[in-house]
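J.: whatever this is, show me its structure:
(one chain, ligands or ions: 1)
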Amino acid sequence: MRAIAVSEYGATPAPMYLPRPVPGPGEILVKVIAAGLSPLDWKLADGMLKDSVDASFPLILGQDGAGVVDEVGEGVTRLRHGEQVYGILAAPERGLGAFAEYAIVREDGPVARIPDGMIYTEAAAVPTAGSAALAMLEQARVDAGQTVLVVGATGGVGQCLVRLASLAGVKVIATARADMAGTMRRLGADETVEYSHGDRSLSELNAKVLAVHDDGIDAVLDLVGDTSTTENLARLLRPGGTYLSAVWAVHPDSMEAKGLRAVNLDDRPSAAALERLSDLIDAGDLRVRVEREVPLEDTPDALAVNRVGGARGRTVIRL
Ligand SMILES: NC(=O)c1ccc[n+]([C@@H]2O[C@H](COP(=O)([O-])OP(=O)(O)OC[C@H]3O[C@@H](n4cnc5c(N)ncnc54)[C@H](OP(=O)(O)O)[C@@H]3O)[C@@H](O)[C@H]2O)c1
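T.: Okay, here's the model as predicted:
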């Protein structure tokens, strides 16, 4: 089957012909129709996740996917041949991922039926973004009426997070370049704040938020800041506030010494999270914007583009 894979950590992702996998007991073989691309894909290829993810090579990339159940392994009862499914279609320990004609997922893993009326390309954009956003909101423990700053709000996870926080009655300040301010407002952001990539410490961002919230905010939900910027942004927090980093950039000891709560997100997507996302989609409360669609052979270029930044939603690969 056709796939996009790396031969070792750090290698350039490339098209390869690899054997079609066979589902073992409890596993589902999915014929992939569309796959969603996110920074986790090039991070996995680079070896940045090797302490937490087992992998074998050649390693097919791709987490998010949508397609049709092609075959089920022994003992599978939850899903049947021909059903339309979406989820995290990756088994890196077996070298398998969603950027391929076929992928494997465990029946008890992060997979669910595609919500009625949703097309494959839209479904493929949802799993990682939606699951991470649900986990961030839960782990931030913010209540209706409290105020959060979402840093990196215009990407896949950020857009879901702004939407879900706003649905929960949380007041959202979203970072956004000028071209995305309207989209952020439509998703439910109460305020938007522009930032500049040249401002490494995000000090301008601090000043802009403090100008409106001089008594501080309740949480920073950070999808981009590195260890050098978290200390600065933490100055925005009220005593007892929460700093949540999706990129493991926050030092719990340092935050606790300031009387703040620190959380580094470790989202483990599950079937239950996918079912919750399906409910939100069915209710018309959640969609992930598909920024562009590319054929499988263009995936290496699309990964290179994602590294540079500037995501305005998800890039989806059509198989
Ligand atoms: N820990 C976990 O379990 C977990 C789970 C899922 C995702 N993640 C991580 O979460 C991060 C975000 O994922 P994603 O899928 O949303 O990525 P994405 O779709 O590529 O979006 C990233 C967004 O951040 C914006 N951005 C970049 N630099 C910024 C800055 N200095 N200030 C404000 N915004 C900035 C980008 O726009 P511009 O470039 O135009 O600024 C882009 O809109 C990734 O690093 C991913 O690995 C972690």
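J.: got the residues of the stretch 51-200 of the chain near the ligand?
T.: 128-129, 132, 151-152, 154-158, 175, 177, 195, 197 (C-beta under 6 Å from any ligand atom). Glycine gets a C-beta too; all of them are placed from N, C-alpha and C.
J.: ok, so of those, who is nearest the ligand?
T.: residue 155 (1.8 Å; C-beta to the nearest ligand atom).
J.: so who does whichever residue of the stretch 201-319 of the chain sits closest to the ligand touch?
T.: Relative to the ligand, the nearest point of the stretch 201-319 of the chain is residue 309 (2.9 Å; C-beta to the nearest ligand atom). By C-beta atoms under 8 Å, 6 or more residues apart in numbering, the contact set of residue 309 is residue 197.
J.: who wins on neighbours among the residues of the stretch 51-200 of the chain next to the ligand?
T.: Counting neighbours by other C-beta atoms under 10 Å, the top entry in these is residue 156, with 32 neighbours.
J.: any stretches of the chain with poor pLDDT?
T.: Applying pLDDT under 70 to the chain flags the ranges 200-201.
J.: give me that answer again for 80
T.: 196-202 (pLDDT under 80).
J.: first-to-last residue distance for stretch 149-163?
T.: 13 Å (C-alpha to C-alpha, to the nearest Å).
J.: then stretch 54-61?
T.: End-to-end distance (C-alpha to C-alpha), stretch 54-61: 13 Å.
J.: one more: stretch 250-259?
T.: End to end - C-alpha to C-alpha - stretch 250-259 spans 14 Å.
J.: so what's the residue count around residue 19?
T.: Neighbourhood size, residue 19 [other C-beta under 10 Å]: 9.
J.: contacting residues around the closest residue to it other than its chain neighbours?
T.: Once flanking residues are discounted, residue 19 sits nearest to residue 1: 7.4 Å by C-beta to C-beta, 6 or more residues apart in numbering. Going by C-beta under 8 Å, 6+ apart, residue 1 touches 17, 18, 19, 20, 100, 101, 102.
J.: how close does residue 1 sit to the ligand?
T.: Between residue 1 and the ligand the distance is 26 Å, computed by C-beta to the nearest ligand atom, to the nearest Å.
J.: count the neighbours of residue 53 for me.
T.: 15.
J.: ok, and the closest non-adjacent residue to it?
T.: Using C-beta to C-beta, 6+ apart and skipping the chain neighbours, the partner closest in space to residue 53 is residue 92 (5.5 Å).
J.: would you map the helices across the stretch 51-200 of the chain?
T.: With DSSP state H, counting those that start in this stretch as the criterion, the stretch 51-200 of the chain has helices at 120-124, 127-140, 156-167, 181-187.
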